[in-house]
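**Q** no sequence on hand, only this structure:
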């Protein structure tokens, strides 16, 4: 049987739906950033990113429409207000594109892993290749401009070693061992993402129109800041460097280039995705203080997301994804 004749499964439709909504939200931000960037090299990468997503969006729409589903509204020109006072520096824009590319790499790989139809697998393969291209381009530019923050360096051991004591799990009060390289992966990654979330919360809180939205963004900034401090404290205890903050890359503008709906959705997107990475950090942690830190972070994010959901629903800003048929309600219609 030709795979293209197979109907898309619920998981495949769900991944396409999420790709469209998430992609259009980032695309609006990218379009604003493209309009204010002065550095020609950074501007070229953003221009390429805009063209790439436009191609991907057309393909996503075709997949959804061919299955008879409505295309999500997502985000568009109504959420973008060009010509406003600059909100971000060029350096922040480049860092933003790099972090969003990391999200894209993870998202495309996950979508590919649940895709069966060949045309859909081919689509996610091409999306993954596009994301890899931007991953390399953003890192090269960040390195070239002295903006890329590398993870801590370790000195090599003479030979392999084995864990010889249960104290390996103890990270409290300095009684245990120093951090393992496998733990640094999640710590550094989550720190960089929390720095981005904190910086966007600060920037968005300056420009949001709604008092309720500003209050939420201020609270999300405090949450991200607390998580940064908790992970930074663990690194600093072992005399390891901490990623620098990006707050100084935000101007003092109070002119919003985005709708409040976009501001809110974007922060929810970051905190939702952070749960995946915090969960990975929890799974890899072999020190009790790391386990406690990641558990606390996950619970804090759940509270942020609860408030986020209430505000989004209240303002009718949250689109509903395709749902499974309610057989009980269908039977009542007979």
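**A** All right, it came through fine. In this text the structure is predicted, and so the values were computed from the model without any measurement.

**Q** where does pLDDT dip in this protein?
**A** 1-4, 166-176, 334 (pLDDT under 70).

**Q** which residues of it fall in helices?
**A** For the chain, applying DSSP state H gives helices covering 10-36, 40-66, 90-113, 118-144, 181-207, 211-237, 260-284, 288-314, 327-332.

**Q** quick one: the second one to chain centroid distance?
**A** Which is helix 40-66. How far helix 40-66 lies from its chain's middle: 18 Å, per CA atoms, centre = their mean, to the nearest Å.

**Q** and that helix, what does it pack onto?
**A** Judged by 3 or more CB pairs under 8 Å, 6 or more residues apart in numbering; DSSP states H and E, helix 40-66 is in contact with helix 10-36, helix 90-113, helix 118-144. From N, CA and C alone the C-beta is placed, and that goes for glycine too.

**Q** now do the shortest one and helix 260-284, the angle between them.
**A** Just to be clear, that refers to helix 90-113. Helix 90-113 and helix 260-284 are oriented at 70 degrees to each other (axes from the mean of the first three to the mean of the last three CA atoms, to 10 degrees).

**Q** name the residues of helix 90-113 that are buried.
**A** By neighbour count on 16 or more other CB atoms under 10 Å, the buried set for helix 90-113 is 90-105, 107-108, 111-112.

**Q** so it versus helix 118-144, what angle?
**A** Using the same axes, to 10 degrees: helix 90-113 against helix 118-144 is 150 degrees.

**Q** and helix 90-113, what other elements does it pack with?
**A** Using 3+ CB pairs under 8 Å, 6+ apart: helix 90-113 touches helix 10-36, helix 40-66, helix 118-144, helix 181-207, helix 260-284.

**Q** can you tell me which of the helices and strands packed on helix 40-66 comes nearest to residue 273?
**A** For these, the distance to residue 273 is smallest for helix 90-113, at 6.0 Å, taking CB to CB.

**Q** picking up where we left off before, now the helices of the chain in TSV, please, with extra columns for distance to residue 73.
**A** Shown next, in TSV, are the helices of the chain (distance: least, CB to CB, whole Å):
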stretch	distance to residue 73
helix 10-36	8
helix 40-66	12
helix 90-113	20
helix 118-144	21
helix 181-207	21
helix 211-237	19
helix 260-284	10
helix 288-314	14
helix 327-332	25
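
**Q** who wins for proximity to residue 79 among these?
**A** Nearest of those (CB to CB): helix 260-284, 4.4 Å.

**Q** any chance of the helices and strands packed on helix 40-66 in CSV, with distance to residue 319 too?
**A** CSV is the format used below for the helices and strands packed on helix 40-66 (distance: least, CB to CB, whole Å):
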stretch, distance to residue 319
helix 10-36, 6
helix 90-113, 17
helix 118-144, 21
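
**Q** among these, which comes closest to residue 68?
**A** Here helix 10-36 is closest among the helices and strands packed on helix 40-66 (CB to CB), at 10.2 Å.

**Q** now for that closest one, which elements pack on it?
**A** Packed next to helix 10-36, using 3+ CB pairs under 8 Å, 6+ apart, are helix 40-66, helix 90-113, helix 118-144, helix 260-284.

**Q** nearest to residue 327, out of those helices?
**A** Per CB to CB, nearest to residue 327 of the helices and strands packed on helix 10-36: helix 40-66, 24.1 Å.

**Q** residue 197 reaches residue 271, doesn't it?
**A** Yes - Residue 197 is within contact range of residue 271, at 6.9 Å (criterion: CB atoms under 8 Å).
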